[in-house]
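*Asks:* A structural model of the following input is requested.
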Amino acid sequence: MCGVVLATVVLGARPAGAAAVRPKTDGLRWPLDLSPAVVSSFGEYRYDHMHAGVDLSTGGAVGLPVHAVADGRVFRIKVEWRGYGRALYLRHADGRISVYGHLQRYEDAVLGLERKVRERQREAKTRYPGDIYLDPPLPVRRGQVIAYSGESGVGLPHLHFEMRGPGDDPIDPFRNGLPAPKQGAPVLESIEATAAAPDSWIDGVLRERTLTLSLRQRVYVPDEPLRVSGPFQLDLSGWAPGGGGKAGIRFLEARVDGQTCYRLDFDRFRFDQYPLAGLIYDHRFSRLGPTRMAWRLSALPGNALAQGGCRFVGGDGEPAPGAYRLEDGAHRLEIIARDAAGSESVARICVFSGRPGPITGASAAGAGDGPNAVLRFEGSSHGSDSSAAATSGAASTAGAAECPSPGRRVEAGAWDGRRFAPLDCREREGICSAPAGRGSAVRIRQDLGGVPGAWDWGAGVAGRSAATSVRAIALPAFLDLVAELGAPGAAPEEAVTCDGPAWRLLEGLRLGAGVSYASLAALAPAAPPVGSTGCVARQAAAPFTVRWFSPAESAHVEGAGYRVDVPAGGRFFTGPLVVQTLPRGELPEGLRLERDPISIAPDGECLNARATLSFTTDPGESRVQTLGIYRQDDPSGRWSFEGGEFDAASGGVAIGFRRYGRFALLRDEAAPVIRSVRPGAGGSATGRRPEIVASVEDLGKGLDHDGVTFLLDGAPLESEYDPDRGTARPFETPTLAPGRHHLRVQATDRAGNVSAPVEIDFTAR
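*Replies:* This is a model prediction of the structure:
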């Protein structure tokens, strides 16, 4: 049997690299005059990093005064197109640094910062000169206006605020003097449970299940318990209310039967720890548009920012890192979540763990058994009200009192031509019956202590089905072979009888067989198929390659038109790299597939050091500018431009990546489209200082900052393109003479595709 024991980790201590920063007793001034509202939290999910500060709401406005939170010296400002846009860095007397990002402009009347920007722009001959260091730094007082809020860089209007320690490491502003506003307790949406070993199942037939949480009597609970047979991994999806949107949860703790198994409560990190985002958050269930954040509920190897307090022992085989492995019986899982202001939410989930075997003596009933009898099995003297301990031998657990589980229960179904209709099973008598006429195919299984077993399709029980197609699915801990099945009653094809560790009949008539990645990696490509690994290699719909390697090793996978290289030190812990060629799907008009797309798996994995993906190009490729590597978003299926540098020596297009996913080499042949222009054609009431703006849509590689050109009466207007809004406008609003004017607008994307020009005639009065 397996048990939960406390590990030697002291939960009051902090891991290396996450030492506490003592909050300042004098506090910090709120940098805006508006009522405090936080839209993004410290450490929040980003695709390849954690959020280094907090985002403060400006109510959608720009141009609001931004105040120094404490006395200090402005030593650095920055001007860039994306990223923080315009940012200001203020060093305080204790060595800490406050950072203010996405500014519209700097204060100039007293500090003269805009003059310094213009001077540097002239020297660098660009509007985006990057960092500008002030020598000497400019002293400012607490509360002094230092800049004005905007939407420069990435995102819509807001103020990004950071506190950094003396070593320039991000620290939580709300634990270092900035008052945290109360915005409501965290909202806990769901629990995602995933099998962590080939022989693990959820609800008897699933590899993964989402339990939706509902708030009842101030506690979040699911409609059903979590029922598992074998090791499993857990994620929590949720958010904290913030400024009208969804902010991150600041503190998390997971307990099993009262013992703390996971705790996330860091107040600082280093910039070189950005990759740990993939150990704190699960990339499979997290995204930014629309916002969804899924926190892992176990401390994976390499995660120096979280703490694990439980050690799971016993059992056969080695589950995936971070797996929960519980002894048979009932358990209580409790999750505590808090926001930066300390508002708390709690979730409680009953977890039933067990390994029910097949029904003993199950067989199809004969003609003498009556018109309704279709299945017989060995009955139980305990009856349906027996305890889990009496039927399964499970030891009493701390969660049993709060999560009472049923004893042995038998369920069966008969195929009615469309679905398996439930049969009436009488456990004491050992019989399952249904109305006459049903039963061309039947299935049966037992439920022990709340955990269902596999559907029995053994000798004497009709209903095995023929496999019509087989495909491989790369799960986080192992590979599943999934087969679409035909009508019940036929003999299975060879793929169904492969020697896989486990098979289940899923709803929708699908089979799955877990195969360990280590076993697959040991199978040489040229070797003859052997056992379950040969079955997968022979029957999977798309070819794939598996490499099993440790953090000290590098890995290289090369296939038709692609190459993947992971450097030594790239992994956080020993595991697989799975590369699978995918079928060609449909693409929007204007994007053309140049190489077969590939999947780099397991889903949700991340790397500690960047790996390289490269796709080969045709010899003599002359339109390199139109090529790019794209990533497919799940679940929308949209392809988004990821990047890609052409290497003439190797003849390929390559990117670096830390997050696994689905990639393809696409050619962008879609010209941008100018959807609208202001002022409109024929406008006769236009003022002498009209707002000039163009709305632009682009499908592929996108536009650079100068991707839209404006010609007003034949003279160019310097402008900037905003990808977040899909609009472009001149930096300066021209003053026009009364009379007729002509405006010409045209867009060019990064692939060199040029839009049709839009010509506007209007009158200024």
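
*Asks:* Okay, and the beta partners of the nearest residue to Arg268 once chain neighbours are set aside?
*Replies:* Nearest non-adjacent residue to Arg268, counting by C-beta to C-beta, 6 or more residues apart in numbering: Ile171, 4.3 Å away. The C-beta positions use only the backbone N, C-alpha and C, and glycine is treated the same way. Here Ile171 sits in beta bridges with Met163, Arg268, as judged by DSSP bridges.

*Asks:* I figured Ile171 hits Gly165, correct?
*Replies:* Yes. Using C-beta atoms under 8 Å, Ile171 is in contact with Gly165, at 5.0 Å.

*Asks:* Give me the neighbour count for the nearest residue to Ser405 once chain neighbours are set aside.
*Replies:* Sequence neighbours aside, Gly450 is the residue nearest to Ser405 in space, at 3.8 Å (criterion: C-beta to C-beta, 6+ apart). A total of 24 residues lie near Gly450 under the criterion other C-beta atoms under 10 Å.

*Asks:* Could I get the pLDDT score of Gly450?
*Replies:* At Gly450, the model reports a pLDDT of 92.

*Asks:* Then the one 4 residues further on?
*Replies:* What the model reports for Ala454 is a pLDDT of 83.

*Asks:* Wait, it touches Gln446, no?
*Replies:* No. Under the criterion of C-beta under 8 Å, Ala454 makes no contact with Gln446, lying 9.5 Å away.

*Asks:* Which one's more surrounded, those two?
*Replies:* Using other C-beta under 10 Å as the criterion, Ala454 and Gln446 rank with Gln446 on top: 26 against 20.

*Asks:* can you tell me the helix or strand for the more buried one?
*Replies:* strand 442-448 (DSSP states H and E).

*Asks:* Which neighbouring elements make contact with the helix or strand just after that strand?
*Replies:* Of the helices and strands lying after strand 442-448 in sequence (DSSP H and E), the nearest is strand 451-452. When contacts are defined as 3 or more C-beta pairs under 8 Å, 6 or more residues apart in numbering; DSSP states H and E, strand 451-452 packs onto strand 226-229.

*Asks:* Buried residues, stretch 263-272. List them.
*Replies:* In terms of neighbour count (16 or more other C-beta atoms under 10 Å), stretch 263-272 has its buried residues at 263-270.

*Asks:* What ranges does the stretch 401-550 of the chain have for its helices?
*Replies:* For the stretch 401-550 of the chain, the helices defined by DSSP state H, counting those that start in this stretch occupy 517-522, 531-539.

*Asks:* lowest-confidence stretch among these?
*Replies:* Across the helices of the stretch 401-550 of the chain, the lowest-scoring stretch is helix 531-539, with a mean of 45.

*Asks:* care to break this protein down by domain?
*Replies:* Using automatic domain parsing, the domain parsing of the chain gives 58-157, 363-452, 466-517, 542-668, 673-764.

*Asks:* of all these, which lies closest to Arg227?
*Replies:* Nearest to Arg227, of all the domains of the chain, is domain 363-452, at 4.8 Å by C-beta to C-beta.

*Asks:* how long is that closest one end to end?
*Replies:* Distance between the two ends of domain 363-452: 19 Å, counting by C-alpha to C-alpha, to the nearest Å.

*Asks:* what's the answer for stretch 105-119, then?
*Replies:* End-to-end distance (C-alpha to C-alpha), stretch 105-119: 15 Å.

*Asks:* returning to that earlier point: intersection of neighbour lists for Ala454 and Gln446?
*Replies:* Pro358 (C-beta atoms under 8 Å, 6 or more residues apart in numbering).

*Asks:* Let me know the distance separating the residue nearest to Ser405 from Ile444.
*Replies:* Using C-beta to C-beta, to the nearest Å, we find Gly450 at a distance of 18 Å from Ile444.

*Asks:* Now do stretch 595-604, average pLDDT.
*Replies:* In the prediction, stretch 595-604 has an average pLDDT of 93.

*Asks:* Any buried residues in stretch 696-713, and which?
*Replies:* 696, 698-703, 705, 707-710, 712.

*Asks:* These into JSON lines, with extra columns for distance to Ala560, secondary structure and pLDDT?
*Replies:* Formatted as JSON lines, the buried residues of stretch 696-713 follow (distance: C-beta to C-beta, whole Å; DSSP: H, G, I helix; E, B strand; the rest coil; pLDDT from 0 to 100):
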{"residue": "Val696", "distance to Ala560": "37", "secondary structure": "strand", "pLDDT": "98"}
{"residue": "Asp698", "distance to Ala560": "30", "secondary structure": "coil", "pLDDT": "96"}
{"residue": "Leu699", "distance to Ala560": "27", "secondary structure": "coil", "pLDDT": "93"}
{"residue": "Gly700", "distance to Ala560": "24", "secondary structure": "coil", "pLDDT": "95"}
{"residue": "Lys701", "distance to Ala560": "24", "secondary structure": "coil", "pLDDT": "97"}
{"residue": "Gly702", "distance to Ala560": "29", "secondary structure": "coil", "pLDDT": "97"}
{"residue": "Leu703", "distance to Ala560": "33", "secondary structure": "coil", "pLDDT": "98"}
{"residue": "His705", "distance to Ala560": "37", "secondary structure": "coil", "pLDDT": "97"}
{"residue": "Gly707", "distance to Ala560": "35", "secondary structure": "coil", "pLDDT": "97"}
{"residue": "Val708", "distance to Ala560": "39", "secondary structure": "strand", "pLDDT": "98"}
{"residue": "Thr709", "distance to Ala560": "41", "secondary structure": "strand", "pLDDT": "98"}
{"residue": "Phe710", "distance to Ala560": "46", "secondary structure": "strand", "pLDDT": "97"}
{"residue": "Leu712", "distance to Ala560": "52", "secondary structure": "strand", "pLDDT": "96"}
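
*Asks:* can you list those residues in CSV and add distance to Leu215?
*Replies:* As requested, the buried residues of stretch 696-713 are exported to CSV (distance: C-beta to C-beta, whole Å):
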residue, distance to Leu215
Val696, 43
Asp698, 42
Leu699, 41
Gly700, 43
Lys701, 44
Gly702, 41
Leu703, 44
His705, 45
Gly707, 47
Val708, 47
Thr709, 53
Phe710, 52
Leu712, 57
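
*Asks:* Arg675: which of these is nearest?
*Replies:* Using C-beta to C-beta, these come closest to Arg675 at Val696, 6.9 Å.

*Asks:* Let me see the contact set for Val154.
*Replies:* 82-85, 102, 724.

*Asks:* if I look at it, how far off is Pro723?
*Replies:* Where Pro723 is concerned, Val154 sits at a distance of 8 Å (C-beta to C-beta).

*Asks:* Could you tell me which residues touch both of these two?
*Replies:* With C-beta under 8 Å, 6+ apart as the test, Val154 and Pro723 both reach Arg82.

*Asks:* My understanding was that Glu114 contacts Gln104; is that so?
*Replies:* No. Taking contacts as C-beta under 8 Å, Glu114 lies outside contact range of Gln104: 10.8 Å.

*Asks:* between those two, who's got more neighbours?
*Replies:* Gln104 (18 against 15).

*Asks:* ok now do that one, which residues does it touch?
*Replies:* Per C-beta under 8 Å, 6+ apart, neighbours of Gln104: 62-63, 86, 147-152.

*Asks:* Could you pull out the helices in the stretch 51-200 of the chain for me?
*Replies:* Under DSSP H, counting those that start in this stretch, the stretch 51-200 of the chain gives helices at 113-124.
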